[in-house]
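**Student:** Requesting a structural model of the entry that follows:
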Amino acid sequence: MSMTMEERPPNSPSAPALPVSTAGAADGCAPACDVPEFCRNTYYRGKLLTEREFADEQRMLADRRRLHHIALHGWGVACGLDVKPHPYCPDLKLVIGEGLAIDCCGREIRLMREATIDLPRPPVDTRPRKPAMLTNPNGAPTPGDPVAAPQGDGCEPLLPARSLYLCLSYAECETEFTPAPFDECGCNSGSAMKPNRICDSWRLELYDTKPDFWDEAVGDECEAEDCRIYYRQGQHCHAPHGPCCVPLAMIVDVIPGQKVTPEQIRTLHNRRLLASTEAIDRVVRCILNKLPSEKLTRIDDTNWEHDQRYICRDFMSEFIGTADHRRGFRISFNQKVHSASLTARTFQAMVVFHSEDPAAPNQMEFAPAQILSDDGETEWCRLSIDPTYARNRLDMKDFDLFLTLRCDDVTDLRGLAVDGDFIAHRFPTGDNIQGGTFESWIRVRPRVIPA
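**Tutor:** From the prediction side, this is the model:
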């Protein structure tokens, strides 16, 4: 039975959220969620079999399967169950596609065909109406009976926009009722009716306020800073609990009576997914194919210390030199790389001058430099700043020097990019992924500055 927004009793702050619309097994119900101790029947010749033996047998088999789902797989949407607006009545209904889900009690919920659920309806307009005169094309009133027109301009919606929460729960349907003449609970002998079959069914529930279980059910699985916490949690047994409803979608900015668009239906981060072993296997294989199968080349040393402070004369002597004896900034690799990939575009030195005026912006420029290495293939390279530039622009100046090597463009003899991310400023570089940017800096001051 659908319940409109006007018919639904208001919720108190402490009361649970009630669905504004339901669809599916209207008279169905869900069995208990707990999994009792397993006991099976034994059979022997001459044993009297009653309905208790057969019911217990069915219950044990179903409970074993539910416990298997919860302990080894979890719960959520396994496949399908796409949510979209109704193609002909997008202002009245939502369509849920066929699919399969497992609820938090381990019960399978299977939609064999598309299902629909009603959207909240706008309330009946009970505002007072005032007469309006008919007019002719020239705008002048014409004689005739007045027609009623609602007061106000009618541009604002009767209800504000809101978010709706759609979920799917398990239910059972009793069918094929037949007389049960020997039922001890019947009021009159032979008049009791019992279902011949019980079918697995489902129930769609649409809420206009967020249910209490929603955040926990669709919570972000990567909230922990240390992902090992999830592995440790997996070592504990979690008892089935319920009743539960599998989240399918959140529909945002819904105004009763207006069309719902596909953009308003949010399933990402608003449904709990249960990946199959086939899907997990494909993801693992994809990750393995993208991970490097060989040990990557890395930067293992430099001839300067990261973030070191130098006095200008020491900087000029140690890293600049003279025109006849040029020095520079040297980088060493743990394996040989192609020398052609080491150029003035991949290995650069940027100078950031400090202004005496704290309010003035700092001036930045790239230092003209020459890149030196062995021919063909090399295990080192050196950036040598032009001595004339250094004497004219850097001597007795206050500046920071940023040294950058773009390792995406530096390849080793196997054609793999150098793993050059300078993580935590420790050698060797890298995070087991090809490429990255090696960036380090030093500070140069014109004279000794007292602490």
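**Student:** Show the residue spans covered by the helices in the stretch 101-250 of the chain.
**Tutor:** Along the stretch 101-250 of the chain, the segments classed as helices by DSSP state H, counting those that start in this stretch run 214-218, 228-233.
**Student:** Please work out the average pLDDT along the first one.
**Tutor:** Over the span of helix 214-218, the pLDDT mean works out to 86.
**Student:** Stretch 403-420 too?
**Tutor:** For stretch 403-420, mean pLDDT rounds to 95.
**Student:** quick check, distance from it to the centre of its chain.
**Tutor:** Centroid separation for stretch 403-420 versus its chain: 32 Å, with C-alpha atoms, centre = their mean, to the nearest Å.
**Student:** Next: stretch 251-263.
**Tutor:** Chain-centre distance of stretch 251-263: 23 Å, with C-alpha atoms, centre = their mean.
**Student:** go on, stretch 394-412?
**Tutor:** 38 Å.
**Student:** what comes up buried for that stretch?
**Tutor:** For stretch 394-412, the neighbour count (16 or more other C-beta atoms under 10 Å) marks 394, 399-401, 403-407, 410-412 as buried. Placement of C-beta: from N, CA and C, glycine included.
**Student:** which of the helices of the stretch 101-250 of the chain is buried the deepest?
**Tutor:** Of all the helices of the stretch 101-250 of the chain, helix 214-218 has the most neighbours on average by mean count of other C-beta atoms under 10 Å, namely a mean of 16.
**Student:** Contacts for that helix next, please.
**Tutor:** 104, 165, 167, 244, 246-247, 269-272 (C-beta atoms under 8 Å, 6 or more residues apart in numbering).
**Student:** low-scoring stretches of the chain, by residue?
**Tutor:** Scanning the chain for pLDDT under 70 picks out 1-16, 25-31, 125-158, 183-191, 220-224, 234, 241-243, 292, 448-451.
**Student:** Show me which helix runs longest in this structure.
**Tutor:** helix 51-72 (DSSP state H).
**Student:** That one: what's the following helix or strand?
**Tutor:** strand 76-80 (DSSP states H and E).
**Student:** For that following strand, which helices and strands make contact with it?
**Tutor:** Packing partners of strand 76-80 (3 or more C-beta pairs under 8 Å, 6 or more residues apart in numbering; DSSP states H and E): strand 99-102, strand 246-254.
**Student:** per-domain residue ranges of the protein.
**Tutor:** Domains of the chain are assigned by automatic domain parsing as 19-120+156-285, 299-445.
**Student:** Residue 283 belongs to a strand?
**Tutor:** No: looking at residue 283 with DSSP: H, G, I helix; E, B strand; the rest coil, it is helix, so not inside a strand.
**Student:** ok, and the closest non-adjacent residue to it?
**Tutor:** Leaving aside its sequence neighbours, residue 283 sits nearest to residue 275 (C-beta to C-beta, 6 or more residues apart in numbering; 7.8 Å).
**Student:** Export the helices and strands packed on strand 76-80 as JSON lines, with columns for distance to residue 39 and mean neighbour count.
**Tutor:** Converted to JSON lines, these look like this (distance: least, C-beta to C-beta, whole Å; neighbours: other C-beta atoms under 10 Å):
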{"stretch": "strand 99-102", "distance to residue 39": "25", "mean neighbour count": "21"}
{"stretch": "strand 246-254", "distance to residue 39": "30", "mean neighbour count": "21"}
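**Student:** so when I look at residue 260, I'm seeing a helix, right?
**Tutor:** No: assessed with three-state DSSP, residue 260 is coil; it does not lie in a helix.
**Student:** To what extent is it buried, counted in neighbours?
**Tutor:** Residue 260 has 24 neighbouring residues, counting by other C-beta atoms under 10 Å.
**Student:** wait, what's in contact with it?
**Tutor:** 85, 90-91, 94, 119, 251, 254.
**Student:** quick one: which of those is nearest residue 372?
**Tutor:** residue 251 (63.7 Å; C-beta to C-beta).
**Student:** related to what we said a few turns ago, residue 66: which of the helices of the stretch 101-250 of the chain is closest?
**Tutor:** Of all the helices of the stretch 101-250 of the chain, it is helix 214-218 that lies closest to residue 66, at 17.7 Å by C-beta to C-beta.
**Student:** and the lengthiest strand in the chain with strand 246-254, angle?
**Tutor:** Longest strand in the chain, counting residues (DSSP state E): strand 162-179. Between strand 162-179 and strand 246-254, the angle comes out at 140 degrees (axes from the mean of the first three to the mean of the last three C-alpha atoms, to 10 degrees).
**Student:** Flag every buried residue along strand 162-179.
**Tutor:** Buried residues in strand 162-179, counted by 16+ other C-beta under 10 Å: 163-174.
**Student:** Including distance to residue 293, could the domains of the chain go into JSON lines?
**Tutor:** Formatted as JSON lines, these follow (distance: least, C-beta to C-beta, whole Å):
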{"stretch": "domain 19-120+156-285", "distance to residue 293": "13"}
{"stretch": "domain 299-445", "distance to residue 293": "10"}
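**Student:** Surely residue 179 is in contact with residue 196?
**Tutor:** No: contact criterion C-beta atoms under 8 Å: residue 179 and residue 196 do not qualify, at 10.5 Å.
**Student:** what about the one residue sitting closest to the centre of the chain, distance to residue 89?
**Tutor:** The chain has residue 269 as the residue nearest its centroid, 4.9 Å off, counting by C-alpha atoms, centre = their mean. Counting by C-beta to C-beta, to the nearest Å, the separation of residue 269 from residue 89 is 28 Å.
**Student:** ok, of the contacts of helix 214-218, which one's closest to residue 375?
**Tutor:** Comparing the contacts of helix 214-218 against residue 375 with C-beta to C-beta picks out residue 269 as the nearest, at 54.4 Å.
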